[in-house]
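[1] Got a sequence here, can you build the structure:
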Amino acid sequence: MILLSFDIEEFDVPKEHRVQISLEEQIRISVYGTHQILDCLQCNDIKATFFCTANFAIHAPEILKRILDEGHELASHGFYHWTFEVGDLKKSKEKLEELSGVQIRGYRQARMMPVPELEIRKAGYEYNSSLNPTFIPGRYMHLTAPRTCFMKEQVLQIPASVTPLLRFPLFWLSCHNLPASVYRRLCSYTLKHDGYLTVYFHPWEFYPLNNHPELKIPFIIRNHSGQGMVKRLNDFVHYFKQRGKKFITFSEFTAIKKQELSGVRE
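    Next up is the predicted model:
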């Protein structure tokens, strides 16, 4: 089982590098990239989970409609991407449900930052995918955290996939900077070992960032951006589909795991 997901949000990465970018431009870039992603998924007839900020959904109704019309899962990525308050957990869920008309079951914190699991449960979520169980200087230090899914505060925790033993991260930056064949092999190895694979990307990765030096985006993020990432995503999907692997949503995975846990308790 492969859990493919995308964090669709305001493109605020330039602000991390002291470059001012208007909200309108942030939304425009992410809308462009999300259409590229949806085109790829549609061509390959697979479903994914889209973790969306409420603010992005408010400003990009056409994207929200397309995600739902094409059968993908919508989950929460908070209300705003740049700021967070605990109250945003429930507020974002309610706003996304109001805008979409569907139940929002899952949550992922912006930048995979820590979030109180009890508050996740109190806000009404069934699963949380806010953990990257690896070490990345200046960002994550989770080498002792569980590497695979587990229950906490009655919520299924679904970490991003990392390789066994070394915990090499299989997130979006690895796909940008490793040779594509090496990235796929590491994913295949982890999938075989764990029985499932969780990977995530962002829409702005599918925008031609190399054509915009004024944004001052670091090379490791710009590398293979735009059509390069479209090709890598398409090749990734083809690789696993040809090997008979199934792509499922996070809600589908949560239902499977909760049933398994229920069977164990019985």
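[2] which secondary structure elements does the longest strand along the chain contact?
    The longest strand of the chain (DSSP state E) is strand 2-8. Counting contacts by 3 or more CB pairs under 8 Å, 6 or more residues apart in numbering; DSSP states H and E, strand 2-8 packs against helix 23-44, strand 49-52, strand 197-201, strand 247-248, helix 250-265. C-beta here means a position set from N, CA and C on the backbone, and glycine is covered the same way.
[3] In its sheet, which strands sit next to the shortest one, and in what direction?
    It refers to strand 247-248. strand 2-8 (parallel) (DSSP bridges).
[4] Which stretches in the stretch 51-200 of the chain count as strands?
    For the stretch 51-200 of the chain, the strands defined by DSSP state E, counting those that start in this stretch occupy 73-76, 106-107, 127-128, 135-136, 140-141, 150-152, 155-157, 197-201.
[5] could you show me where the helices are in the stretch 151-266 of the chain, in order?
    172-177, 180-194, 219-222, 227-242, 250-265 (DSSP state H, counting those that start in this stretch).
[6] can you list those helices in TSV and add mean neighbour count?
    Output for the helices of the stretch 151-266 of the chain, formatted as TSV (neighbours: other CB atoms under 10 Å):
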stretch	mean neighbour count
helix 172-177	18
helix 180-194	16
helix 219-222	14
helix 227-242	17
helix 250-265	14
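[7] Which among those helices is found nearest to Ile158?
    Of all the helices of the stretch 151-266 of the chain, helix 250-265 sits nearest to Ile158, with 6.4 Å by CB to CB.
[8] Can you tell me what sits against the closest one?
    1, 3, 5, 49, 73, 75, 105-106, 126-127, 129, 149, 151, 156, 158, 196 (CB atoms under 8 Å, 6 or more residues apart in numbering).
[9] That'll do, ta.
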